[in-house]
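Engineer: no FASTA, just this:
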C-alpha cells in the first residue's frame, strides 16, 4: 500500500454511515493495516445528511481532521446527489461509489454504482444501505477483501441479522458496475 | 503539630474535648421539687448535656444555654437564669 | 492484543482492567458509551464492582466521595454540563484528598447548546485541585486511565483523564489492550490510609476554621505540585512494563526548532503531520504537547521552549476577557526567566469546529513571521473565525 487512503461516507441519519465507516476500518485492521473510523455527528435526526470517515494506512495514523480530499467517496443514498456536493475535494484519480440505479458523471472522478436500496430492501427488509455499499466498495476498490468484510459483519451483528447483511454485501459485490 | 492531609480527625469522641459550656449566657436551673423525671428535656437537648433521672442532671461543661429544655418542660421545672446570677 | 476501539471503549476497558470496585456516573454524550460498557461489564459479571445509579452528576461524584473514603477503587466519567454540575464536589474530592479517577470526554459548554468537542469544560475547572491529563489518541486514553489510578492512590489526589469528545471518544482505531495479569502487577489493590470504617470511627471533611484553612490549602498545593514527580515515575514504570512511557509533556522535533507549536489533546496528532511537512521543506518547526495541564509543568516547558524564537499556542478553550488558559499559564512560566520566546495564542476548534491542516499551517506561518521580524503583531487570534459574521468585516 502506498500512502494513506482516505474514504468519505455520505449518508442520511439512520442509514448506517457511521457503522459503515467502522466496519471498513475493522476489515482493513483485520488485514493487518492501521485504520481509523471517525464519525461526524450532526444534530442527529433520521434523514439528515451525515458524514463519516475512514482512513487506512500501513503506518499508525496520527491525523484527526475531517477528510477534505478523499481518495474514495461512498454515497449511501441516491437523493444526496442533489443536496450535497459529494465529489467535493476528491483526488484526481479518485472514485465515487454510488447507491444508484444508474451512473452519474463527475468532472474528474471515476464512478461505480449499484442499486443498494433495492438490495437492502430485498435482503434486510429495510432501506439501510450501509452493508450493501461496503460490498460495492470492496468490488470497486479492492481495498479490502469480501471475506474480511463478511468476517467483521459477523462480529458486528449476530444470527439472522448477520446472515441478511452478508447476503446484502455479497449481492452488491456481484451487481456493482465499475465505470472506467 | 503536623496536620493530616485533610480535615481528618483520627480519634473518635473528640467533641468531648470541646467544652461548649463557656458559650452559655443563660443557664437552665432545675427545680428538683417540680421535676417529675419525664425525660422530655433529655430527649430534646441538642448537645446532649442532660442525664435522665428524677431530677434530671444538667452537665454545665457542655450546656450552651439554648433553653430548649426549659421550653419543653411540661411542669415548668426548668428556668433560665442569667449566667453569674446564681 | 490489539483491538479497534473508540476512546470511550478504551476508557471503559481501562477501568475494568484496573478492577474498579465502585462506579458512579450519569450518562451524557459523548461520554455515554463509557458508562454503558461498564454497566454491561458489571451486569455480565465480567467486573466485580458496584454500579451506583444516581439522578445527577452532582450525586454521582458525591457517591464517589463515600466509596473512595471507605477504600474502594472508584471511577466516574462525565462531560461538559455534567462536569459543571459536578463542580462543587470536584473541590470537595481534592480537598478531602480522595483518589477518584474520572474520564472526561471533552465537550463544549452551553450557551449556545453544543454537544461537540472543545476543552472549555475541563479547562473551566482547572483550579479544582484535580490532576488533569490530556490524551492525544485512544492508546493514551487507555494507558493514562490505568496510570491515573496509581498516580491518584499514591498522591492522594483525584485525577481527571481528559480526551476530546467524538474526535477520540467516538473514533475507532487500533489500541493495544494489556493482559489483566499485567495490569494487576502494575496496579496492586488500593489501600486508603485514612479509612472510613464504622469499627474505628474517624471524622472526615471537618470544618477548616480560619486558624487551619490556609494550612490545608497549602498542603493541597504542595501535593499537586509534588504529583509531577509521581506522574513521571508512574509513566516510566508503565513504560518499563508495557513499552509505552508517558511524561508530563512530549517533545516532537522541537529540540532545534525556531518555531514550536504547543497544544494539548487530540490536536497534537494533526499538528505532527503538519510539522513533518515543514521539516520536509527544511523549516525548523516542532511541537510540544502538554499531557499534564495540572500540575502545570512549568520547568519542563521553559526547558523545552526557551530556545525557540516563537511559540504558537493552539487551544480549544478561552477565558472570556482574557486569553486561552494554556497561553496565560505559559506566559506566567516565562515571567521570571531570562529569555522568553515570542508567544502567540490561537483559539480554535470551539464547539466541534474541525481544526484542519490549513488552520494549523496558518498558525505556524504566523509564528514563523513573528520569529522572523522579532515581534508579535496580534497576540490572540481565532482560527477559522468567519469575520463577516461577527461584524469584523462588512
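Structural biologist: Cool, got the structure. Predicted model, so just to flag it, every value in this text is computed and none were measured.

Engineer: Wait, a strand at residue C:139?
Structural biologist: No - using DSSP: H, G, I helix; E, B strand; the rest coil, the assignment for residue C:139 is helix, not a strand.

Engineer: With adjacent residues omitted, what lies nearest to residue A:11?
Structural biologist: Nearest non-adjacent residue to residue A:11, counting by Cβ to Cβ, 6 or more residues apart in numbering or on different chains: residue A:17, 3.1 Å away. In short, each C-beta sits where N, CA and C put it, glycine included.

Engineer: For the one you found, which residues are in contact?
Structural biologist: Shown in contact with residue A:17 (Cβ atoms under 8 Å, 6 or more residues apart in numbering or on different chains): A:9, A:10, A:11, A:39, A:50, A:51, A:52, A:76, A:130.

Engineer: Quick check on the second one: phi, psi?
Structural biologist: Spelled out, it's residue A:10. Dihedral angles of residue A:10 (phi, psi; degrees, to the nearest 10) stand at phi -110, psi 130.

Engineer: Surely it touches residue A:72?
Structural biologist: No - the criterion here is Cβ atoms under 8 Å, and residue A:10 misses it with residue A:72 at 11.4 Å.

Engineer: Going along the chain, name the strands of chain A.
Structural biologist: All strands of chain A, identified by DSSP state E, fall at A:5-12, A:34-40, A:49-57, A:72-75, A:95-99, A:110-114, A:177-179.

Engineer: With mean neighbour count added, can I get those strands in JSON lines?
Structural biologist: Supplementary listing: the strands of chain A in JSON lines, determined by neighbours: other Cβ atoms under 10 Å in any protein chain shown:
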{"stretch": "strand A:5-12", "mean neighbour count": "26"}
{"stretch": "strand A:34-40", "mean neighbour count": "24"}
{"stretch": "strand A:49-57", "mean neighbour count": "23"}
{"stretch": "strand A:72-75", "mean neighbour count": "28"}
{"stretch": "strand A:95-99", "mean neighbour count": "28"}
{"stretch": "strand A:110-114", "mean neighbour count": "22"}
{"stretch": "strand A:177-179", "mean neighbour count": "15"}
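
Engineer: nearest to residue C:320, of the ones you listed?
Structural biologist: Proximity to residue C:320, assessed across the strands of chain A by Cβ to Cβ, is greatest for strand A:34-40 (27.5 Å).

Engineer: Just give the number of residues close to the residue of chain A found nearest chain C.
Structural biologist: Closest contact between chain A and chain C, by Cβ to the nearest Cβ, is at residue A:62 (3.7 Å). Counted with other Cβ atoms under 10 Å in any protein chain shown, residues neighbouring residue A:62 total 18.

Engineer: any idea how far residue C:68 lies from chain B?
Structural biologist: Going from residue C:68 to chain B by Cβ to the nearest Cβ, to the nearest Å gives 12 Å.

Engineer: Tell me which helix or strand that residue sits in.
Structural biologist: Using DSSP states H and E, residue C:68 sits within helix C:57-69.

Engineer: Just give me how far that helix sits from the chain centre.
Structural biologist: Distance of helix C:57-69 from the chain centroid (Cα atoms, centre = their mean, to the nearest Å) equals 20 Å.

Engineer: which secondary structure elements does the helix or strand just after that helix contact?
Structural biologist: Sequence order places strand C:74-78 as the next helix or strand after helix C:57-69, per DSSP H and E. If contacts are counted by 3 or more Cβ pairs under 8 Å, 6 or more residues apart in numbering or on different chains; DSSP states H and E, strand C:74-78 sits against strand C:22-24, helix C:32-43, helix C:57-69, strand C:101-106.

Engineer: Take those and write them to TSV, including mean pLDDT.
Structural biologist: Listed next are those as TSV, based on pLDDT from 0 to 100:
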stretch	mean pLDDT
strand C:22-24	98
helix C:32-43	97
helix C:57-69	98
strand C:101-106	98
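
Engineer: For chain C, which segments count as helices?
Structural biologist: Secondary structure of chain C (DSSP state H): helices at C:7-17, C:32-43, C:57-69, C:80-95, C:120-124, C:138-155, C:180-186, C:210-242, C:267-280, C:298-305, C:325-333, C:357-373.

Engineer: now for these, which one comes closest to chain A?
Structural biologist: Of all the helices of chain C, helix C:267-280 comes closest under Cβ to the nearest Cβ, at 3.7 Å.

Engineer: The closest one to helix C:357-373, inter-axis angle?
Structural biologist: Here the directions of helix C:267-280 and helix C:357-373 differ by 60 degrees (axes from the mean of the first three to the mean of the last three Cα atoms, to 10 degrees).

Engineer: same question for helix C:267-280, mean pLDDT?
Structural biologist: When pLDDT is averaged along helix C:267-280, the result is 98.

Engineer: what does stretch A:22-36 give?
Structural biologist: If you average the pLDDT over stretch A:22-36, you get 98.

Engineer: In this structure residue C:80 contacts residue C:109, no?
Structural biologist: Yes - assessed by Cβ under 8 Å, residue C:80 is found in contact with residue C:109 at 6.0 Å.

Engineer: what touches both of the two?
Structural biologist: residue C:121.

Engineer: These two: who's more crowded?
Structural biologist: Counted by other Cβ under 10 Å, residue C:80 and residue C:109 do not tie: residue C:80 has more neighbours, with 29 against 19.

Engineer: contacting residues around the residue nearest to the more buried one when sequence neighbours are not counted?
Structural biologist: Residue nearest to residue C:80 in three dimensions, not counting chain neighbours: residue C:107, with 3.7 Å by Cβ to Cβ, 6+ apart. Neighbouring residues of residue C:107 by Cβ under 8 Å, 6+ apart: C:29, C:30, C:79, C:80, C:114, C:115, C:116, C:117, C:118, C:121, C:165.

Engineer: correct me, but the fifth one touches residue C:349?
Structural biologist: What that stands for is residue C:114. No - using Cβ under 8 Å, residue C:114 is not in contact with residue C:349; the gap is 11.9 Å.

Engineer: Not counting residues beside it along the chain, what's closest to residue C:122?
Structural biologist: Spatially, and ignoring its direct neighbours in sequence, residue C:122 is nearest to residue C:162 (4.6 Å; Cβ to Cβ, 6+ apart).

Engineer: Alright, calling it a day.
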